[in-house]
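Colleague: Dropping a prediction and its sequence here:
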Amino acid sequence: MSSSLTISPVDNVKDALHESERRFSAIVSSIPGLVFQMHMTADKQCVFTYLSEGCEALLGIPAAALLNHAQTLFDAIEIKSASQFRQKILQSAKYLKRLDWEGRIWIAEWQDMKWVSIRATVRDLGQGAVQWDGIMLNITQSKHEKHEIEQARKDLQALTAHLNQVKEQERVSIAREIHDDLGGNLTAMKLGLSTIIQQAESGQTVSLEHTAMLQSIINQTFDAVHRISGNLRPNILDLGLVDALEWQVSQFKKQLGIGADFSTNCRDFECHPDMSMALFRICQEALSNIAKYAQASEVNVQLSLHNDCLQMVITDNGIGLLPADKIKPNSFGLRGMQERATALGGDLMVEKPDEESGTIIRVQVPLLSEASD
């Protein structure tokens, strides 16, 4: 007589329940955060009824401790954030709306402050009680990145405003020079020529004094034209970057009377005009800052070519640059140099010499950038 194994409906339900729990555990364990279930009683007291294994990894608090005392979480939340969190919870419970909150929590275990995000759906349990099912995530990195982006945007806006202001000042200065120098000289030349014409027409002898004056005015006009055009774009750059930097360092040495040297391993090197202009202006700004603030007695500018990179290093033995100086709101000179290097696809780093005073400005630019006409 054969017998058959009979599986009861209860066993089927148990198996299905175990399978459902296994799947739930697998899903929860794969979530990069803390999955929770929280109740709020009619008297507005919150308790956790479920916490995933990610509790301690996120909050530094064992799940068992938080299940026994939910207030531990509220105590860890920053005061301002805790007040906002409480208001969000009460509003969510009152209107049965999704709970969305971001705030800072102090992790005593690691002596660290974290940004966390809580997203949860709410359900009415009746008799004034509600339940939230949700997830808590660590969003510290994204918050820092957002802050850095916002700060970078503010810095860029400030730099743009400063550059526009400088541009307008330069326009005013050039307009004044054209009006005062060129305009004044041309007026004087016009009057001098009128006098000479009148003398010639009346048969008088042309005054050598007038012709000498006109010659002097013409020479002054040429000088003014050279000065104005040189301010717009230094003519020395037509001779190449190396000669331009060498001239710039020699002028710096002559004007300030301090030691200044230029060296290079690529004297015959020719680069794109945009690169030449950018590196020339970076060096010009660096030397200007050294003259204003560094109190240096020795300055060295080195231009070197290594493989596919052009490197310019400007070193001084002055009082040095404090870390706070690099992030000052009005440090537009340094930001401008960094922007010029970045525009060429390169980098600009400000360093401190080992065991010495002074500052090193290191600019590295890939030669590939010169292909972008």
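Modeller: Nice, I can see it.

Colleague: beta partners for the closest residue in space to Glu78 that isn't next to it in sequence?
Modeller: Nearest residue to Glu78, sequence neighbours excluded (C-beta to C-beta, 6 or more residues apart in numbering): Arg104, at 4.3 Å. Every residue, glycine included, has its C-beta placed from N, CA and C. Listed beta-bridge partners, Arg104: Trp115 (assigned using DSSP bridges).

Colleague: Tally up the residues packed near Arg104, please.
Modeller: 17 (other C-beta atoms under 10 Å).

Colleague: Could I get the pLDDT score of it?
Modeller: Looking at Arg104, its pLDDT is 91.

Colleague: Settle this for me: it is touching Trp115, isn't it.
Modeller: Yes. Arg104 sits in contact with Trp115 when judged by C-beta atoms under 8 Å, with a separation of 5.7 Å.

Colleague: Identify all contacting residues around stretch 82-97.
Modeller: Identification of contacts with stretch 82-97 by C-beta atoms under 8 Å, 6 or more residues apart in numbering yields 40, 44, 46, 74, 77, 98-101, 103, 118, 120, 122-124, 130, 132.

Colleague: List the ones among those that fall in helices.
Modeller: Among the contacts of stretch 82-97, DSSP state H puts Phe74 in helices.

Colleague: Now, of the contacts of stretch 82-97, which are buried?
Modeller: Met40, Cys46, Ile77, Leu99, Trp101, Gly103, Ile118, Ala120, Val122, Val130, Trp132 (16 or more other C-beta atoms under 10 Å).

Colleague: how close does the third one get to Ile258?
Modeller: Applying C-beta to C-beta, to the nearest Å, one obtains 57 Å for the distance of Ile77 from Ile258.

Colleague: Kindly report the same for the second one.
Modeller: Here the criterion is C-beta to C-beta. By it, Cys46 lies 69 Å from Ile258.

Colleague: where exactly do the strands run in the stretch 51-200 of the chain?
Modeller: Assigned by DSSP state E, counting those that start in this stretch, the stretch 51-200 of the chain shows strands spanning 99-107, 112-126, 129-138.

Colleague: swap in the stretch 251-373 of the chain?
Modeller: Counting by DSSP E, counting those that start in this stretch, the stretch 251-373 of the chain has strands at residues 259-264, 298-306, 309-316, 347-351, 359-366.

Colleague: between those strands, which one is nearest to Asn138?
Modeller: Among the strands of the stretch 251-373 of the chain, the nearest to Asn138 by C-beta to C-beta is strand 347-351 (31.1 Å).

Colleague: For stretch 74-81, which outside residues touch it?
Modeller: By C-beta under 8 Å, 6+ apart, stretch 74-81 touches 46, 59, 61, 82, 85-86, 103-108, 113.

Colleague: Need these in CSV (columns: distance to Leu334).
Modeller: Listed next are the contacts of stretch 74-81 as CSV, based on distance: C-beta to C-beta, whole Å:
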residue, distance to Leu334
Cys46, 50
Leu59, 41
Ile61, 44
Ala82, 40
Phe85, 41
Arg86, 45
Gly103, 35
Arg104, 32
Ile105, 36
Trp106, 35
Ile107, 36
Ala108, 39
Met113, 30
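
Colleague: So which of these is the closest to Val242?
Modeller: Met113 (51.7 Å).

Colleague: so the closest residue to Ala120 other than its chain neighbours bridges to which residues?
Modeller: Spatial nearest neighbour of Ala120, excluding adjacent residues (C-beta to C-beta, 6+ apart): Gly134 at 2.4 Å. Under DSSP bridges, the beta-bridge partners of Gly134 are Phe36, Ala120.

Colleague: Quick check: Gly134 vs Ser52, distance?
Modeller: Noted for Gly134: a distance of 11 Å to Ser52, by C-beta to C-beta.

Colleague: Quick check: neighbours shared by those two?
Modeller: Common neighbours of Gly134 and Ser52 (C-beta under 8 Å, 6+ apart) are Val35, Phe36.
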